[in-house]
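Asker: Here you go, sequence then predicted model.
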Amino acid sequence: AKIEGLSESDSAAFKDLQSQSSRSSSAPTAMIEPEGGPWGEAKDWVYCRPNTWAIGFLQRVEAPCGRCDDTALNALELICGGADGISVERIQSYGGLWGAWSDPTFCFGEKNFLQGAQFRIEPRQGSGDDTSANDSRFTCTNGNVIQASNGAPWGDWRLAASCPQWSAICGFRLKFEPRQGGDDTAMNGAKFMCCSLQ
(Lines give C-alpha, C1' and ligand atoms only; values in the text may rest on other atoms or scores of the structure.)
Protein backbone atom coordinates (compact mmCIF):
# COMPACT_ATOMS: atom_id res chain seq x y z
CA ALA A 1 0.00 0.00 0.00
CA LYS A 2 1.13 3.52 -0.78
CA ILE A 3 2.17 5.70 2.17
CA GLU A 4 -0.11 8.74 2.41
CA GLY A 5 1.41 11.84 0.84
CA LEU A 6 4.15 9.93 -0.99
CA SER A 7 4.31 8.82 -4.62
CA GLU A 8 4.45 5.10 -5.45
CA SER A 9 8.22 5.21 -6.00
CA ASP A 10 8.86 7.18 -2.79
CA SER A 11 6.60 4.83 -0.80
CA ALA A 12 8.57 1.88 -2.17
CA ALA A 13 11.89 3.54 -1.28
CA PHE A 14 10.72 4.31 2.27
CA LYS A 15 9.45 0.75 2.84
CA ASP A 16 12.59 -0.76 1.32
CA LEU A 17 14.77 1.21 3.72
CA GLN A 18 12.46 0.30 6.62
CA SER A 19 12.96 -3.40 5.90
CA GLN A 20 16.75 -3.00 5.51
CA SER A 21 17.04 -1.10 8.80
CA SER A 22 14.85 -3.40 10.89
CA ARG A 23 17.98 -4.72 12.63
CA SER A 24 19.50 -1.29 13.27
CA SER A 25 18.57 1.86 15.14
CA SER A 26 18.69 4.10 12.07
CA ALA A 27 15.15 3.48 10.78
CA PRO A 28 13.66 6.02 8.34
CA THR A 29 11.52 8.71 9.97
CA ALA A 30 10.53 11.02 7.09
CA MET A 31 11.17 12.23 3.56
CA ILE A 32 11.79 15.95 3.15
CA GLU A 33 11.97 18.09 0.02
CA PRO A 34 13.25 21.67 0.09
CA GLU A 35 11.64 23.92 -2.50
CA GLY A 36 13.25 23.36 -5.89
CA GLY A 37 12.86 24.19 -9.57
CA PRO A 38 10.08 23.08 -11.93
CA TRP A 39 12.01 20.87 -14.34
CA GLY A 40 13.66 17.47 -14.21
CA GLU A 41 13.10 13.85 -13.37
CA ALA A 42 13.84 11.86 -10.24
CA LYS A 43 17.13 9.96 -10.17
CA ASP A 44 17.91 6.90 -8.00
CA TRP A 45 17.65 6.86 -4.22
CA VAL A 46 20.98 6.27 -2.45
CA TYR A 47 21.50 5.75 1.29
CA CYS A 48 24.14 5.84 3.97
CA ARG A 49 24.74 2.38 5.45
CA PRO A 50 22.88 1.53 8.70
CA ASN A 51 23.94 3.52 11.77
CA THR A 52 25.58 6.22 9.66
CA TRP A 53 24.12 9.55 8.55
CA ALA A 54 25.20 12.48 6.37
CA ILE A 55 27.95 14.50 8.08
CA GLY A 56 29.00 16.57 5.06
CA PHE A 57 28.56 17.18 1.35
CA LEU A 58 30.14 18.26 -1.93
CA GLN A 59 28.38 20.02 -4.79
CA ARG A 60 29.12 20.14 -8.51
CA VAL A 61 28.57 23.59 -10.02
CA GLU A 62 29.19 24.99 -13.48
CA ALA A 63 30.72 28.43 -12.97
CA PRO A 64 29.09 31.36 -14.80
CA CYS A 65 30.27 31.12 -18.40
CA GLY A 66 29.28 34.43 -19.97
CA ARG A 67 27.25 34.17 -23.18
CA CYS A 68 27.00 30.38 -23.12
CA ASP A 69 24.24 28.17 -21.65
CA ASP A 70 24.62 28.29 -17.87
CA THR A 71 23.44 25.32 -15.78
CA ALA A 72 24.81 26.27 -12.30
CA LEU A 73 24.21 23.50 -9.70
CA ASN A 74 24.55 20.04 -11.29
CA ALA A 75 24.88 17.47 -8.51
CA LEU A 76 25.34 16.72 -4.82
CA GLU A 77 27.37 14.07 -3.05
CA LEU A 78 26.70 13.28 0.62
CA ILE A 79 29.45 12.16 3.00
CA CYS A 80 28.23 9.54 5.48
CA GLY A 81 29.65 8.97 8.95
CA GLY A 82 28.86 7.60 12.38
CA ALA A 83 28.27 9.29 15.71
CA ASP A 84 32.06 9.70 16.07
CA GLY A 85 32.05 12.16 13.16
CA ILE A 86 34.44 10.07 11.05
CA SER A 87 33.48 9.73 7.38
CA VAL A 88 33.03 6.20 6.03
CA GLU A 89 31.72 6.67 2.48
CA ARG A 90 30.35 9.09 -0.11
CA ILE A 91 27.02 8.54 -1.85
CA GLN A 92 25.84 9.98 -5.15
CA SER A 93 22.39 9.80 -6.78
CA TYR A 94 23.59 11.19 -10.11
CA GLY A 95 26.86 12.86 -11.02
CA GLY A 96 25.52 15.64 -13.24
CA LEU A 97 26.95 16.72 -16.59
CA TRP A 98 28.76 20.04 -16.18
CA GLY A 99 30.98 21.86 -13.74
CA ALA A 100 33.54 21.20 -11.02
CA TRP A 101 33.15 19.63 -7.58
CA SER A 102 33.60 21.69 -4.43
CA ASP A 103 35.83 20.70 -1.56
CA PRO A 104 34.05 18.64 1.13
CA THR A 105 32.09 20.73 3.63
CA PHE A 106 31.31 19.20 7.04
CA CYS A 107 29.19 19.42 10.15
CA PHE A 108 32.22 19.00 12.44
CA GLY A 109 32.28 17.09 15.72
CA GLU A 110 30.59 14.10 17.28
CA LYS A 111 26.87 13.47 16.78
CA ASN A 112 26.62 16.42 14.38
CA PHE A 113 24.77 15.55 11.19
CA LEU A 114 23.03 17.21 8.25
CA GLN A 115 19.49 17.83 9.49
CA GLY A 116 18.02 20.39 7.08
CA ALA A 117 18.55 21.52 3.49
CA GLN A 118 17.84 24.57 1.36
CA PHE A 119 18.42 25.52 -2.30
CA ARG A 120 19.03 28.80 -4.10
CA ILE A 121 16.66 28.69 -7.08
CA GLU A 122 16.50 31.01 -10.06
CA PRO A 123 12.90 31.50 -11.25
CA ARG A 124 11.84 30.86 -14.85
CA GLN A 125 13.55 33.28 -17.23
CA GLY A 126 11.09 32.99 -20.11
CA SER A 127 13.15 33.29 -23.29
CA GLY A 128 16.28 33.92 -21.18
CA ASP A 129 18.83 31.39 -19.91
CA ASP A 130 17.30 29.20 -17.18
CA THR A 131 19.58 27.70 -14.51
CA SER A 132 17.10 26.64 -11.76
CA ALA A 133 19.17 25.33 -8.78
CA ASN A 134 22.30 27.43 -8.16
CA ASP A 135 23.53 26.59 -4.66
CA SER A 136 22.75 24.51 -1.57
CA ARG A 137 23.22 24.86 2.16
CA PHE A 138 22.59 22.51 5.05
CA THR A 139 21.74 22.95 8.72
CA CYS A 140 23.67 20.77 11.19
CA THR A 141 22.30 19.10 14.32
CA ASN A 142 24.08 21.77 16.42
CA GLY A 143 22.37 24.57 14.47
CA ASN A 144 25.35 25.61 12.34
CA VAL A 145 24.64 26.27 8.65
CA ILE A 146 27.24 24.96 6.18
CA GLN A 147 27.70 25.99 2.57
CA ALA A 148 30.25 25.12 -0.13
CA SER A 149 32.33 27.91 -1.65
CA ASN A 150 31.46 27.28 -5.32
CA GLY A 151 27.75 28.19 -5.50
CA ALA A 152 26.40 30.09 -8.51
CA PRO A 153 24.95 33.59 -7.98
CA TRP A 154 21.46 33.57 -9.49
CA GLY A 155 18.12 33.30 -7.73
CA ASP A 156 16.99 33.37 -4.11
CA TRP A 157 17.07 30.99 -1.18
CA ARG A 158 13.76 29.13 -1.19
CA LEU A 159 11.80 27.25 1.45
CA ALA A 160 14.04 24.95 3.51
CA ALA A 161 13.08 21.52 4.83
CA SER A 162 14.28 19.79 8.01
CA CYS A 163 14.24 16.28 9.41
CA PRO A 164 12.13 15.65 12.53
CA GLN A 165 13.85 16.03 15.89
CA TRP A 166 16.19 13.15 16.82
CA SER A 167 16.74 12.24 13.17
CA ALA A 168 19.13 13.30 10.40
CA ILE A 169 19.59 13.04 6.64
CA CYS A 170 20.60 9.50 5.65
CA GLY A 171 19.89 9.37 1.91
CA PHE A 172 18.70 11.36 -1.08
CA ARG A 173 17.79 11.45 -4.72
CA LEU A 174 18.38 14.25 -7.22
CA LYS A 175 15.86 15.89 -9.51
CA PHE A 176 17.72 16.49 -12.77
CA GLU A 177 16.67 17.79 -16.17
CA PRO A 178 18.14 15.59 -18.94
CA ARG A 179 20.34 17.19 -21.58
CA GLN A 180 18.14 19.52 -23.68
CA GLY A 181 20.58 20.51 -26.40
CA GLY A 182 20.01 24.12 -25.38
CA ASP A 183 18.94 26.07 -22.27
CA ASP A 184 19.78 23.23 -19.89
CA THR A 185 19.03 23.66 -16.19
CA ALA A 186 20.65 20.43 -14.90
CA MET A 187 19.85 19.89 -11.20
CA ASN A 188 16.50 21.34 -10.07
CA GLY A 189 16.37 20.02 -6.50
CA ALA A 190 16.51 16.91 -4.34
CA LYS A 191 14.48 14.86 -1.93
CA PHE A 192 16.13 13.61 1.29
CA MET A 193 15.48 10.62 3.56
CA CYS A 194 15.71 11.16 7.31
CA CYS A 195 16.71 8.34 9.69
CA SER A 196 16.40 8.06 13.45
CA LEU A 197 19.37 8.93 15.66
CA GLN A 198 17.93 6.98 18.60
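Answerer: Great, that's in hand. Residues are numbered from 1 along each chain as shown.

Asker: So the nearest residue to V46 once chain neighbours are set aside versus P38, what's the distance?
Answerer: Leaving aside its chain neighbours, V46 sits nearest to I91 (4.3 Å; criterion: CB to CB, 6 or more residues apart in numbering). The C-beta positions use only the backbone N, C-alpha and C, and glycine is treated the same way. Computed as CB to CB, to the nearest Å, the I91 to P38 distance reads 26 Å.

Asker: between these two, who's got more neighbours?
Answerer: I91 (19 against 14; other CB atoms under 10 Å).

Asker: Mind jotting down where the helices sit in this protein?
Answerer: In the chain, the segments counted as helices under DSSP state H are 8-20.

Asker: how about low-confidence regions in it?
Answerer: 1-5, 20-25, 66-71, 126-131, 181-185 (pLDDT under 70).

Asker: hang on, the earlier thing: thought the residue nearest to V46 was touching W45?
Answerer: No - I91 is beyond contact range of W45, at 9.8 Å (criterion: CB atoms under 8 Å).

Asker: Mutual contacts of these two, please.
Answerer: Common contacts of I91 and W45, defined by CB atoms under 8 Å, 6 or more residues apart in numbering, comprise G171, F172.

Asker: residues touching the residue nearest to V46, list them.
Answerer: Here I91 is in contact with V46, Y47, C48, E77, L78, C80, G171, F172 (CB under 8 Å, 6+ apart).

Asker: Buried only: go through those for me.
Answerer: Buried subset of the contacts of I91 (neighbour count, 16 or more other CB atoms under 10 Å): V46, Y47, C48, E77, L78, C80, G171, F172.

Asker: Burial check on W98, number of neighbours?
Answerer: 18.

Asker: Same check on the one 10 residues further on?
Answerer: The criterion is other CB under 10 Å. On that basis, F108 has 13 neighbouring residues.

Asker: now it, nearest residue through space, not along the chain?
Answerer: G85 (6.9 Å).

Asker: For T52, which residues are in contact?
Answerer: By CB under 8 Å, 6+ apart, T52 lies in contact with S26, C80, G81, G82, V88, E89, C170.

Asker: Closest one to Q18 out of those, please.
Answerer: S26 (10.9 Å; CB to CB).

Asker: I'd assumed C170 was in contact with the closest one.
Answerer: Yes - between S26 and C170 there is a contact under CB under 8 Å: 6.3 Å.

Asker: Are there residues contacting both of the two? Which ones?
Answerer: In contact with both S26 and C170: C48, T52, W53, C195, using CB under 8 Å, 6+ apart.

Asker: got TSV for those, with distance to Q59 too?
Answerer: Listed next are the shared contacts of S26 and C170 as TSV, based on distance: CB to CB, whole Å:
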residue	distance to Q59
C48	18
T52	20
W53	18
C195	22
